[in-house]
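Chemist: Okay, structure incoming, though there's no sequence with it:
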């Protein structure tokens, strides 16, 4: 399937290692114009500072941020930047408190509009056992994680790169296959929330080689 461009959009990947496996979070921002190489540096600087100041405070120490990637989605020939972290940045919570890497909590990123194309989610990497009680986050940790993602939203907006939900597809066809847009769309995220129930990301399941 051909790639769908999203004008002025930059995709940011935060790539972690945890229990010897690679896991990641993906975000999208609006550069306001076709992103330049300099824009990608500025965007990753915001994400890097946010991770160091905010995200790592709720992340276990054996979940470490190893790589940042920024990709402009304007089309073929758009700039791309990979920035390894050396040394990798571990979370601030003791590693003995770690869940398996697929255990997570979903954070809802709302645009104020209905429909799949206008809903966003992020799955927290490196969740600590001490943050939970039973099958849910403790109330204080729900607040902490919402504040983490709200800080990302507000700091990006202040830097001129609003956090958005990006959509390359519009519904599905009669066979259930996604229908690609000619040009993708972006919608600004205006609120952050978290119900706090423990979730599982199947793609983060650890499968040892046999």
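Modeler: Now that the structure is in, tell me what you want to look at. Remember, it's a predicted structure, so these values are computed and weren't measured experimentally.
Chemist: Quick one: low-confidence residue ranges for the chain.
Modeler: 1-2, 95, 201-210 (pLDDT under 70).
Chemist: try it again with 80
Modeler: Counting by pLDDT under 80, the chain has low-confidence residues at 1-2, 95-97, 171-172, 201-210.
Chemist: Let me see the ranges of the strands in it.
Modeler: For the chain, the strands defined by DSSP state E cover 9-18, 21-30, 63-72, 80-90, 103-110, 119-123, 132-133, 136-137, 163-172, 178-188, 191-193, 198-200.
Chemist: among the ones you listed, which is nearest residue 37?
Modeler: Closest of the strands of the chain to residue 37 is strand 80-90, at 6.9 Å (criterion: CB to CB). Bear in mind the C-beta positions are built from the backbone N, C-alpha and C, glycine included.
Chemist: The closest one pairs with which strands, parallel or anti?
Modeler: strand 63-72 (antiparallel) (DSSP bridges).
Chemist: Which residues does the partner strand contact?
Modeler: 9-18, 23, 31, 34-35, 39-40, 43-44, 47-48, 51, 55-56, 78-85, 88-91, 98, 101, 125-126 (CB atoms under 8 Å, 6 or more residues apart in numbering).
Chemist: Select only the buried ones of those residues in ChimeraX?
Modeler: In ChimeraX, this line selects whichever of those come out buried by 16 or more other CB atoms under 10 Å:
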select :9,10,11,12,14,15,16,17,18,23,31,34,35,39,40,43,44,47,48,51,55,56,78,79,81,85,89,90,91,98,101,125,126
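Chemist: Of all the strands of the chain, which one is nearest residue 157?
Modeler: strand 163-172 (7.3 Å).
Chemist: ok, back up a step: please identify which of the strands of the chain is closest to residue 150.
Modeler: Between the strands of the chain, strand 191-193 lies closest to residue 150; by CB to CB that is 4.7 Å.
Chemist: tell me what the closest one is packed against?
Modeler: On a contact count with 3 or more CB pairs under 8 Å, 6 or more residues apart in numbering; DSSP states H and E, strand 191-193 meets strand 103-110, helix 139-159.
Chemist: which outside residues touch the last one?
Modeler: Right, the one you point to is helix 139-159. 27, 29, 42-43, 46-47, 49-50, 53-55, 57-58, 105, 107, 109, 122, 124, 131-132, 137, 162-163, 189, 192-194, 196.
Chemist: try 7 Å this time
Modeler: Identification of contacts with helix 139-159 by CB atoms under 7 Å, 6 or more residues apart in numbering yields 29, 42, 46, 50, 54-55, 58, 105, 107, 122, 124, 131, 162-163, 189, 192-194, 196.
Chemist: From those, keep the buried residues only.
Modeler: The buried subset of these (16+ other CB under 10 Å) comprises 29, 46, 50, 54-55, 58, 105, 107, 122, 124, 131, 162-163, 189, 192, 194, 196.
Chemist: thinking again about what came up before, output the helices and strands packed on strand 191-193 in a markdown table, with distance to residue 118 appended to each entry.
Modeler: Below are those laid out as a markdown table (distance: least, CB to CB, whole Å):
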| stretch | distance to residue 118 |
| --- | --- |
| strand 103-110 | 8 |
| helix 139-159 | 16 |
